[in-house]
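> Take a look and give me a structure for this.
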Amino acid sequence: MKLLFVCIKIFFARILDVTIATFRQNILLKGKCVLGSLLAFAEIMIWFLVAREALTIPIQSLWIPISYSLGFATGTLIGSLLSKHFIRGEVGVQIIIDEEEKKDLVNSLKIRGYPINILHLESGFNSVPKLMIFIEVSTKNLKKLETLIQQNDPDAFIVISDTKKVLKGTMK
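Numbers count the residues shown, from 1 in each chain. Next up, the predicted model:
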């Protein structure tokens, strides 16, 4: 019975500290240093207490490291989901399309108010004229943008990159 209690305690404590750790890392990537530091303190305090108990308990059982590991994995999942839901930011979207197919996609983007920049390219692979469309968009609008691109050009090459900061730009 004591083993079960210890395993459950370790499992849930690891979920908590790893969730905080994952969320903290994502907060720091957005430049929120003070909040990241406070979360780091809580994370390490929990980790220290749990690790100490897991390593010093007189019970020899494989269930203790299994609980520890499952808590870590579950905390990573929960922290990632929380980060995705609560941390808003901007992403840079680069779209490469054939120049002939530009009108439909470009017009659809403009009509919906996306601020776009267009660069004319020549493919090094087959010398076909291409366009690269640059867009900065809020993460809350990203799914709509992806759907719009796929509807207008299912063959578009799309690269999405996290943006740390936008200065003097226009975003939807």
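
> what residues go with each domain of the protein?
Residue ranges for each domain of the chain read 2-86, 90-163, as given by automatic domain parsing.

> Is it possible to get TSV of those that adds mean neighbour count and mean pLDDT?
All C-beta atoms are positioned from the backbone trio N, CA, C, and that covers glycine. Converted to TSV, those look like this (neighbours: other C-beta atoms under 10 Å; pLDDT from 0 to 100):
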stretch	mean neighbour count	mean pLDDT
domain 2-86	16	91
domain 90-163	14	87
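
> how far away is the most centrally placed residue in the chain from residue 154?
For the chain, the residue nearest the mean C-alpha position is residue 84 (5.8 Å; C-alpha atoms, centre = their mean). Separation of residue 84 from residue 154 (C-beta to C-beta, to the nearest Å) stands at 25 Å.

> Also residue 121?
Counting by C-beta to C-beta, the gap from residue 121 to residue 154 is 20 Å.

> coming back round to it: tell me the secondary structure of the residue nearest to the centre of the chain, please.
Using DSSP: H, G, I helix; E, B strand; the rest coil, the structure places residue 84 in helix.
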